[in-house]
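Colleague: Model the following, please.
(4 chains)
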2 protein chains.
Amino acid sequence: MIAEQVSTKTLIKQRAAVLFRDNGFPATSMRQLAKEVGLEAPSIYSHFRSKEEILKTIVFEVAGQFFKTALPIYEDVSVSSLTKLTLLVHSHIQVIADNIDSVAVFFHDWRHLDKPNLDNFKHQRHQYEKIFLDTIQKGISEGVFREADTKFVALTLFSTMNWTYEWYNPSKNIDPKHLADNLCDVILKGILK
Amino acid sequence: MIAEQVSTKTLIKQRAAVLFRDNGFPATSMRQLAKEVGLEAPSIYSHFRSKEEILKTIVFEVAGQFFKTALPIYEDVSVSSLTKLTLLVHSHIQVIADNIDSVAVFFHDWRHLDKPNLDNFKHQRHQYEKIFLDTIQKGISEGVFREADTKFVALTLFSTMNWTYEWYNPSKNIDPKHLADNLCDVILKGILK
DNA sequence: CCTACCGATCGGTAGG
DNA sequence: CCTACCGATCGGTAGG
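Modeller: All right, here's what the predicted structure looks like:
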(Lines give C-alpha, C1' and ligand atoms only; values in the text may rest on other atoms or scores of the structure.)
Protein backbone atom coordinates (compact mmCIF):
# COMPACT_ATOMS: atom_id res chain seq x y z
CA MET A 1 0.00 0.00 0.00
CA ILE A 2 2.65 2.46 1.10
CA ALA A 3 5.01 1.20 -1.58
CA GLU A 4 2.42 1.87 -4.26
CA GLN A 5 1.82 5.39 -3.02
CA VAL A 6 5.53 6.21 -3.10
CA SER A 7 5.77 4.82 -6.59
CA THR A 8 2.88 6.97 -7.88
CA LYS A 9 4.35 10.02 -6.21
CA THR A 10 7.70 9.36 -7.87
CA LEU A 11 5.99 8.86 -11.21
CA ILE A 12 4.18 12.19 -10.89
CA LYS A 13 7.50 13.84 -10.05
CA GLN A 14 9.28 12.33 -13.04
CA ARG A 15 6.55 13.12 -15.56
CA ALA A 16 6.21 16.64 -14.11
CA ALA A 17 9.95 17.20 -14.59
CA VAL A 18 9.68 16.27 -18.28
CA LEU A 19 6.61 18.49 -18.84
CA PHE A 20 8.11 21.40 -16.92
CA ARG A 21 11.31 21.01 -18.88
CA ASP A 22 9.54 20.97 -22.24
CA ASN A 23 6.83 23.59 -21.67
CA GLY A 24 7.90 25.43 -18.56
CA PHE A 25 6.19 25.35 -15.16
CA PRO A 26 3.45 27.94 -15.75
CA ALA A 27 2.52 26.51 -19.15
CA THR A 28 2.06 23.01 -17.74
CA SER A 29 -1.42 22.25 -16.41
CA MET A 30 -2.36 19.75 -13.75
CA ARG A 31 -4.72 18.14 -16.30
CA GLN A 32 -1.82 17.57 -18.71
CA LEU A 33 0.28 16.12 -15.94
CA ALA A 34 -2.56 13.90 -14.72
CA LYS A 35 -3.08 12.54 -18.23
CA GLU A 36 0.63 11.74 -18.51
CA VAL A 37 0.50 9.78 -15.26
CA GLY A 38 -2.79 8.10 -16.08
CA LEU A 39 -4.89 9.77 -13.40
CA GLU A 40 -7.59 12.41 -13.14
CA ALA A 41 -6.34 15.86 -12.18
CA PRO A 42 -7.76 15.96 -8.62
CA SER A 43 -6.02 12.69 -7.76
CA ILE A 44 -2.65 14.37 -7.90
CA TYR A 45 -3.65 16.37 -4.87
CA SER A 46 -3.53 13.25 -2.69
CA HIS A 47 0.22 13.19 -3.39
CA PHE A 48 1.08 16.89 -3.57
CA ARG A 49 -0.72 19.74 -1.86
CA SER A 50 -0.27 22.09 -4.81
CA LYS A 51 1.34 22.55 -8.19
CA GLU A 52 4.10 24.57 -6.57
CA GLU A 53 4.87 21.73 -4.16
CA ILE A 54 5.76 19.51 -7.12
CA LEU A 55 8.13 22.19 -8.39
CA LYS A 56 9.56 22.67 -4.91
CA THR A 57 10.18 18.94 -4.53
CA ILE A 58 11.97 18.67 -7.86
CA VAL A 59 14.12 21.76 -7.29
CA PHE A 60 15.26 20.87 -3.79
CA GLU A 61 15.96 17.25 -4.64
CA VAL A 62 18.37 18.49 -7.29
CA ALA A 63 19.92 20.93 -4.82
CA GLY A 64 20.38 18.02 -2.41
CA GLN A 65 22.10 15.99 -5.11
CA PHE A 66 24.53 18.80 -5.86
CA PHE A 67 25.45 19.16 -2.18
CA LYS A 68 25.65 15.45 -1.51
CA THR A 69 28.32 14.93 -4.16
CA ALA A 70 30.21 18.20 -3.72
CA LEU A 71 30.53 18.47 0.07
CA PRO A 72 32.77 15.41 0.65
CA ILE A 73 35.13 16.67 -2.05
CA TYR A 74 35.12 20.18 -0.62
CA GLU A 75 35.91 18.96 2.89
CA ASP A 76 38.70 16.60 1.86
CA VAL A 77 41.90 18.29 3.05
CA SER A 78 44.22 15.73 1.47
CA VAL A 79 43.86 16.88 -2.15
CA SER A 80 45.30 19.89 -3.98
CA SER A 81 43.16 22.80 -5.18
CA LEU A 82 43.60 21.71 -8.76
CA THR A 83 42.47 18.16 -8.09
CA LYS A 84 39.65 19.44 -5.93
CA LEU A 85 38.32 21.72 -8.66
CA THR A 86 38.56 18.93 -11.22
CA LEU A 87 36.66 16.57 -8.94
CA LEU A 88 34.01 19.22 -8.25
CA VAL A 89 33.47 19.76 -11.97
CA HIS A 90 33.17 16.02 -12.50
CA SER A 91 30.61 15.61 -9.73
CA HIS A 92 28.62 18.63 -10.90
CA ILE A 93 28.45 17.31 -14.47
CA GLN A 94 27.57 13.84 -13.19
CA VAL A 95 24.58 15.23 -11.26
CA ILE A 96 23.43 17.10 -14.37
CA ALA A 97 23.75 14.00 -16.54
CA ASP A 98 21.97 11.79 -14.00
CA ASN A 99 19.01 14.13 -13.64
CA ILE A 100 18.72 16.08 -16.91
CA ASP A 101 14.98 16.68 -16.72
CA SER A 102 14.98 17.77 -13.09
CA VAL A 103 18.14 19.80 -13.59
CA ALA A 104 16.58 21.70 -16.49
CA VAL A 105 13.66 22.53 -14.19
CA PHE A 106 16.12 23.46 -11.47
CA PHE A 107 17.86 26.01 -13.71
CA HIS A 108 14.78 27.24 -15.54
CA ASP A 109 11.84 27.30 -13.19
CA TRP A 110 13.19 28.17 -9.76
CA ARG A 111 11.82 31.69 -10.47
CA HIS A 112 8.32 30.36 -10.00
CA LEU A 113 8.86 29.19 -6.43
CA ASP A 114 6.82 31.05 -3.82
CA LYS A 115 8.38 33.35 -1.29
CA PRO A 116 9.87 31.21 1.51
CA ASN A 117 11.00 28.52 -0.92
CA LEU A 118 12.46 31.09 -3.28
CA ASP A 119 14.63 32.56 -0.52
CA ASN A 120 15.66 29.09 0.57
CA PHE A 121 16.66 28.27 -2.99
CA LYS A 122 18.78 31.38 -3.36
CA HIS A 123 20.48 30.70 -0.06
CA GLN A 124 21.36 27.13 -0.99
CA ARG A 125 22.60 28.22 -4.39
CA HIS A 126 24.84 30.77 -2.77
CA GLN A 127 26.25 28.15 -0.40
CA TYR A 128 26.94 25.85 -3.30
CA GLU A 129 28.67 28.54 -5.32
CA LYS A 130 30.84 29.27 -2.31
CA ILE A 131 32.31 25.78 -2.56
CA PHE A 132 33.67 26.56 -6.01
CA LEU A 133 34.58 30.13 -5.13
CA ASP A 134 36.67 29.04 -2.14
CA THR A 135 38.45 26.38 -4.13
CA ILE A 136 39.36 28.80 -6.91
CA GLN A 137 40.45 31.43 -4.38
CA LYS A 138 42.70 28.93 -2.62
CA GLY A 139 44.18 27.83 -5.94
CA ILE A 140 45.02 31.41 -6.83
CA SER A 141 46.67 32.16 -3.49
CA GLU A 142 48.69 28.95 -3.83
CA GLY A 143 49.84 30.14 -7.25
CA VAL A 144 48.40 27.21 -9.16
CA PHE A 145 45.73 29.33 -10.87
CA ARG A 146 46.42 32.61 -12.63
CA GLU A 147 45.79 35.85 -10.82
CA ALA A 148 42.21 36.83 -11.71
CA ASP A 149 38.91 38.04 -10.35
CA THR A 150 37.74 34.97 -8.40
CA LYS A 151 34.08 35.75 -8.77
CA PHE A 152 34.39 36.18 -12.51
CA VAL A 153 36.30 32.91 -12.93
CA ALA A 154 33.69 31.07 -10.85
CA LEU A 155 30.90 32.61 -12.91
CA THR A 156 32.62 31.54 -16.11
CA LEU A 157 33.05 28.04 -14.76
CA PHE A 158 29.38 27.81 -13.79
CA SER A 159 28.33 29.20 -17.16
CA THR A 160 30.22 26.47 -18.94
CA MET A 161 28.93 23.71 -16.68
CA ASN A 162 25.35 24.85 -16.41
CA TRP A 163 24.70 25.53 -20.06
CA THR A 164 25.22 21.81 -20.73
CA TYR A 165 21.66 21.00 -19.68
CA GLU A 166 20.56 22.98 -22.78
CA TRP A 167 22.18 20.66 -25.25
CA TYR A 168 23.57 17.58 -23.47
CA ASN A 169 21.83 14.32 -24.29
CA PRO A 170 23.12 11.45 -22.11
CA SER A 171 21.79 8.78 -24.45
CA LYS A 172 23.27 10.26 -27.63
CA ASN A 173 26.39 12.19 -26.66
CA ILE A 174 29.65 11.30 -25.02
CA ASP A 175 29.48 10.09 -21.42
CA PRO A 176 29.58 12.52 -18.47
CA LYS A 177 33.19 11.68 -17.56
CA HIS A 178 34.47 12.59 -21.00
CA LEU A 179 32.31 15.70 -21.02
CA ALA A 180 33.76 16.81 -17.69
CA ASP A 181 37.29 16.00 -18.89
CA ASN A 182 36.86 18.12 -22.02
CA LEU A 183 35.33 20.89 -19.99
CA CYS A 184 38.19 20.91 -17.47
CA ASP A 185 40.67 20.86 -20.31
CA VAL A 186 39.22 23.97 -21.97
CA ILE A 187 38.63 25.89 -18.76
CA LEU A 188 42.05 25.07 -17.31
CA LYS A 189 44.26 25.42 -20.38
CA GLY A 190 42.16 27.57 -22.71
CA ILE A 191 41.82 27.11 -26.46
CA LEU A 192 45.00 28.89 -27.50
CA LYS A 193 47.91 26.79 -28.67
CA MET B 1 -0.46 60.19 -35.18
CA ILE B 2 1.67 57.47 -36.72
CA ALA B 3 4.59 58.50 -34.54
CA GLU B 4 2.45 58.02 -31.44
CA GLN B 5 1.34 54.58 -32.57
CA VAL B 6 4.92 53.51 -33.17
CA SER B 7 5.86 54.81 -29.78
CA THR B 8 3.08 52.89 -28.03
CA LYS B 9 4.04 49.75 -29.90
CA THR B 10 7.63 50.16 -28.80
CA LEU B 11 6.52 50.77 -25.23
CA ILE B 12 4.44 47.59 -25.25
CA LYS B 13 7.45 45.70 -26.59
CA GLN B 14 9.78 47.05 -23.92
CA ARG B 15 7.41 46.43 -21.01
CA ALA B 16 6.61 42.99 -22.36
CA ALA B 17 10.31 42.13 -22.45
CA VAL B 18 10.68 43.05 -18.77
CA LEU B 19 7.58 41.08 -17.73
CA PHE B 20 8.53 38.06 -19.84
CA ARG B 21 12.02 38.20 -18.40
CA ASP B 22 10.79 38.34 -14.80
CA ASN B 23 7.85 35.95 -14.95
CA GLY B 24 8.27 34.03 -18.19
CA PHE B 25 6.07 34.27 -21.28
CA PRO B 26 3.25 31.91 -20.27
CA ALA B 27 2.98 33.39 -16.76
CA THR B 28 2.57 36.92 -18.10
CA SER B 29 -1.00 37.93 -18.90
CA MET B 30 -2.15 40.51 -21.39
CA ARG B 31 -3.96 42.28 -18.51
CA GLN B 32 -0.70 42.62 -16.57
CA LEU B 33 1.07 43.94 -19.64
CA ALA B 34 -1.75 46.37 -20.42
CA LYS B 35 -1.62 47.73 -16.87
CA GLU B 36 2.12 48.26 -17.17
CA VAL B 37 1.65 50.23 -20.38
CA GLY B 38 -1.34 52.17 -19.08
CA LEU B 39 -3.93 50.64 -21.39
CA GLU B 40 -6.84 48.24 -21.22
CA ALA B 41 -6.02 44.71 -22.34
CA PRO B 42 -7.97 44.72 -25.63
CA SER B 43 -6.15 47.88 -26.77
CA ILE B 44 -2.94 45.93 -27.12
CA TYR B 45 -4.54 44.04 -29.98
CA SER B 46 -4.53 47.15 -32.16
CA HIS B 47 -0.71 46.93 -32.05
CA PHE B 48 -0.11 43.18 -31.99
CA ARG B 49 -2.35 40.49 -33.40
CA SER B 50 -1.65 38.11 -30.54
CA LYS B 51 0.42 37.50 -27.43
CA GLU B 52 2.72 35.27 -29.45
CA GLU B 53 3.35 38.06 -31.96
CA ILE B 54 4.84 40.18 -29.18
CA LEU B 55 7.17 37.33 -28.28
CA LYS B 56 8.00 36.77 -31.94
CA THR B 57 8.86 40.44 -32.43
CA ILE B 58 11.16 40.53 -29.41
CA VAL B 59 12.93 37.30 -30.28
CA PHE B 60 13.59 38.12 -33.92
CA GLU B 61 14.69 41.67 -33.23
CA VAL B 62 17.39 40.23 -30.96
CA ALA B 63 18.33 37.68 -33.61
CA GLY B 64 18.65 40.55 -36.07
CA GLN B 65 20.93 42.44 -33.70
CA PHE B 66 23.21 39.44 -33.32
CA PHE B 67 23.52 39.02 -37.08
CA LYS B 68 23.91 42.71 -37.82
CA THR B 69 27.00 42.99 -35.61
CA ALA B 70 28.53 39.58 -36.31
CA LEU B 71 28.24 39.32 -40.09
CA PRO B 72 30.61 42.18 -41.04
CA ILE B 73 33.24 40.72 -38.73
CA TYR B 74 32.73 37.24 -40.12
CA GLU B 75 33.06 38.40 -43.72
CA ASP B 76 36.15 40.53 -43.15
CA VAL B 77 38.98 38.59 -44.82
CA SER B 78 41.72 40.93 -43.61
CA VAL B 79 41.85 39.80 -39.97
CA SER B 80 43.30 36.66 -38.38
CA SER B 81 41.14 33.94 -36.84
CA LEU B 82 42.22 34.98 -33.36
CA THR B 83 41.27 38.62 -33.89
CA LYS B 84 38.06 37.58 -35.58
CA LEU B 85 37.00 35.39 -32.67
CA THR B 86 37.86 38.13 -30.18
CA LEU B 87 35.82 40.66 -32.16
CA LEU B 88 32.90 38.23 -32.41
CA VAL B 89 32.90 37.71 -28.65
CA HIS B 90 32.97 41.45 -28.10
CA SER B 91 30.06 42.10 -30.45
CA HIS B 92 28.04 39.24 -28.98
CA ILE B 93 28.52 40.55 -25.42
CA GLN B 94 27.73 44.07 -26.58
CA VAL B 95 24.38 42.95 -28.01
CA ILE B 96 23.57 41.16 -24.75
CA ALA B 97 24.48 44.22 -22.68
CA ASP B 98 22.51 46.57 -24.91
CA ASN B 99 19.34 44.48 -24.81
CA ILE B 100 19.42 42.55 -21.52
CA ASP B 101 15.65 42.22 -21.13
CA SER B 102 14.99 41.17 -24.72
CA VAL B 103 18.03 38.90 -24.69
CA ALA B 104 16.78 37.10 -21.58
CA VAL B 105 13.49 36.53 -23.39
CA PHE B 106 15.44 35.41 -26.46
CA PHE B 107 17.29 32.72 -24.49
CA HIS B 108 14.44 31.74 -22.21
CA ASP B 109 11.16 31.90 -24.07
CA TRP B 110 11.90 30.96 -27.67
CA ARG B 111 10.39 27.57 -26.73
CA HIS B 112 6.97 29.18 -26.68
CA LEU B 113 7.04 30.30 -30.30
CA ASP B 114 4.48 28.62 -32.54
CA LYS B 115 5.46 26.22 -35.29
CA PRO B 116 6.66 28.28 -38.29
CA ASN B 117 8.36 30.86 -36.07
CA LEU B 118 9.96 28.17 -33.95
CA ASP B 119 11.54 26.55 -37.00
CA ASN B 120 12.68 29.93 -38.26
CA PHE B 121 14.27 30.65 -34.89
CA LYS B 122 16.15 27.36 -34.84
CA HIS B 123 17.37 27.94 -38.37
CA GLN B 124 18.69 31.42 -37.60
CA ARG B 125 20.34 30.22 -34.40
CA HIS B 126 22.09 27.49 -36.36
CA GLN B 127 23.32 30.01 -38.93
CA TYR B 128 24.65 32.23 -36.17
CA GLU B 129 26.44 29.38 -34.42
CA LYS B 130 28.04 28.50 -37.74
CA ILE B 131 29.83 31.88 -37.73
CA PHE B 132 31.64 30.96 -34.54
CA LEU B 133 32.10 27.33 -35.53
CA ASP B 134 33.78 28.26 -38.80
CA THR B 135 36.06 30.77 -37.14
CA ILE B 136 37.20 28.26 -34.53
CA GLN B 137 37.65 25.57 -37.17
CA LYS B 138 39.80 27.88 -39.28
CA GLY B 139 41.87 28.84 -36.23
CA ILE B 140 42.52 25.18 -35.46
CA SER B 141 43.58 24.33 -39.02
CA GLU B 142 45.90 27.35 -39.01
CA GLY B 143 47.46 26.05 -35.80
CA VAL B 144 46.57 29.08 -33.70
CA PHE B 145 44.03 27.16 -31.59
CA ARG B 146 44.73 23.83 -29.92
CA GLU B 147 43.55 20.65 -31.60
CA ALA B 148 40.10 19.98 -30.16
CA ASP B 149 36.53 19.07 -30.99
CA THR B 150 35.34 22.23 -32.75
CA LYS B 151 31.71 21.75 -31.82
CA PHE B 152 32.56 21.26 -28.17
CA VAL B 153 34.78 24.36 -28.07
CA ALA B 154 32.04 26.43 -29.73
CA LEU B 155 29.49 25.09 -27.27
CA THR B 156 31.76 26.01 -24.36
CA LEU B 157 32.25 29.48 -25.77
CA PHE B 158 28.50 29.99 -26.17
CA SER B 159 27.88 28.69 -22.68
CA THR B 160 30.23 31.25 -21.22
CA MET B 161 28.84 34.11 -23.26
CA ASN B 162 25.17 33.28 -22.99
CA TRP B 163 25.07 32.63 -19.27
CA THR B 164 25.97 36.27 -18.71
CA TYR B 165 22.36 37.37 -19.20
CA GLU B 166 21.60 35.49 -15.97
CA TRP B 167 23.78 37.67 -13.79
CA TYR B 168 25.10 40.60 -15.80
CA ASN B 169 23.77 44.01 -14.74
CA PRO B 170 24.92 46.76 -17.11
CA SER B 171 24.19 49.52 -14.61
CA LYS B 172 26.02 47.92 -11.68
CA ASN B 173 28.78 45.73 -13.12
CA ILE B 174 31.81 46.41 -15.24
CA ASP B 175 31.19 47.62 -18.77
CA PRO B 176 30.65 45.21 -21.68
CA LYS B 177 34.11 45.76 -23.15
CA HIS B 178 35.85 44.70 -19.94
CA LEU B 179 33.48 41.79 -19.55
CA ALA B 180 34.29 40.59 -23.07
CA ASP B 181 38.03 41.10 -22.44
CA ASN B 182 37.92 39.02 -19.26
CA LEU B 183 35.88 36.40 -21.01
CA CYS B 184 38.30 36.15 -23.94
CA ASP B 185 41.19 35.97 -21.51
CA VAL B 186 39.76 32.99 -19.64
CA ILE B 187 38.52 31.15 -22.71
CA LEU B 188 41.75 31.68 -24.68
CA LYS B 189 44.37 31.14 -21.99
CA GLY B 190 42.50 29.15 -19.34
CA ILE B 191 42.77 29.62 -15.60
CA LEU B 192 45.92 27.57 -15.04
CA LYS B 193 49.15 29.41 -14.36
C1' DC C 1 -8.32 53.25 -27.72
C1' DC C 2 -12.53 51.69 -24.73
C1' DT C 3 -16.67 48.80 -22.74
C1' DA C 4 -18.82 44.64 -22.68
C1' DC C 5 -18.36 40.14 -23.16
C1' DC C 6 -17.16 35.19 -25.00
C1' DG C 7 -15.81 30.22 -24.47
C1' DA C 8 -12.09 27.75 -22.59
C1' DT C 9 -9.22 26.50 -19.18
C1' DC C 10 -6.95 27.14 -15.00
C1' DG C 11 -5.66 25.41 -9.86
C1' DG C 12 -8.01 23.54 -6.49
C1' DT C 13 -12.05 21.65 -3.19
C1' DA C 14 -16.00 18.75 -1.48
C1' DG C 15 -17.47 14.53 -0.67
C1' DG C 16 -17.25 9.99 -1.19
C1' DC D 1 -8.45 7.53 -6.53
C1' DC D 2 -12.91 9.36 -8.79
C1' DT D 3 -17.07 12.55 -10.14
C1' DA D 4 -18.89 16.87 -9.86
C1' DC D 5 -18.01 21.32 -9.50
C1' DC D 6 -16.16 26.14 -7.92
C1' DG D 7 -14.55 31.03 -8.70
C1' DA D 8 -10.99 33.22 -11.15
C1' DT D 9 -8.59 34.25 -14.98
C1' DC D 10 -7.05 33.48 -19.46
C1' DG D 11 -6.45 35.13 -24.73
C1' DG D 12 -9.13 37.23 -27.72
C1' DT D 13 -13.48 39.42 -30.36
C1' DA D 14 -17.44 42.62 -31.43
C1' DG D 15 -18.68 46.94 -32.03
C1' DG D 16 -18.03 51.42 -31.57
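
Colleague: so what's A:Tyr168 up against?
Modeller: Listed by Cβ atoms under 8 Å, 6 or more residues apart in numbering or on different chains, the contact set of A:Tyr168 reads A:96-97, A:100, A:179. Where you see a C-beta, it was placed from the backbone N, CA and C, and this is true even at glycine.

Colleague: In those, find the pair that's most separated.
Modeller: Distances among the contacts of A:Tyr168 were taken as Cβ to Cβ; the most separated pair is A:Ile100 and A:Leu179, at 12.1 Å.

Colleague: the more surrounded of those two?
Modeller: Per other Cβ atoms under 10 Å in any protein chain shown, whichever of A:Ile100 and A:Leu179 has more neighbours is A:Leu179, with 22 against 18.

Colleague: Check the model's average confidence along the one helix or strand the more buried one maps to for me.
Modeller: For A:Leu179, the host element (DSSP states H and E) is helix A:176-189. Mean per-residue pLDDT for helix A:176-189: 96.

Colleague: Same question for stretch A:15-35.
Modeller: 97.

Colleague: And for stretch A:66-85?
Modeller: Here the average pLDDT along stretch A:66-85 is 97.

Colleague: near DNA strand C at all, the longest helix seen in chain A?
Modeller: Criterion DSSP state H: the longest helix present in chain A is helix A:115-141. No. Using Cβ under 7 Å from any atom of the strand, helix A:115-141 never reaches DNA strand C; the gap is at least 13.1 Å.

Colleague: What's the first helix or strand after that helix?
Modeller: Beyond helix A:115-141 on the C-terminal side, the first helix or strand identified by DSSP H and E is helix A:150-162.

Colleague: Residues of chain A that sit close to DNA strand C?
Modeller: Within chain A, the residues that sit near DNA strand C (Cβ under 7 Å from any atom of the strand) are A:28-32, A:41-42, A:45, A:49-52.

Colleague: May I ask which of those has the most neighbours?
Modeller: Within those, most neighbours by other Cβ under 10 Å means A:Thr28, with 23 neighbours.

Colleague: farthest-separated two in the residues of chain A next to DNA strand C?
Modeller: The distance between the two most remote of the residues of chain A next to DNA strand C (Cβ to Cβ) is 18.8 Å, for A:Gln32 and A:Arg49.

Colleague: returning to what we had before: which of the residues of chain A next to DNA strand C fall in helices?
Modeller: Short answer: the residues of chain A next to DNA strand C in helices (DSSP H) are A:30-32, A:51-52.

Colleague: out of the residues you listed, which one sits closest to DNA strand D?
Modeller: A:Arg31 (9.1 Å; Cβ to the nearest atom of the strand).
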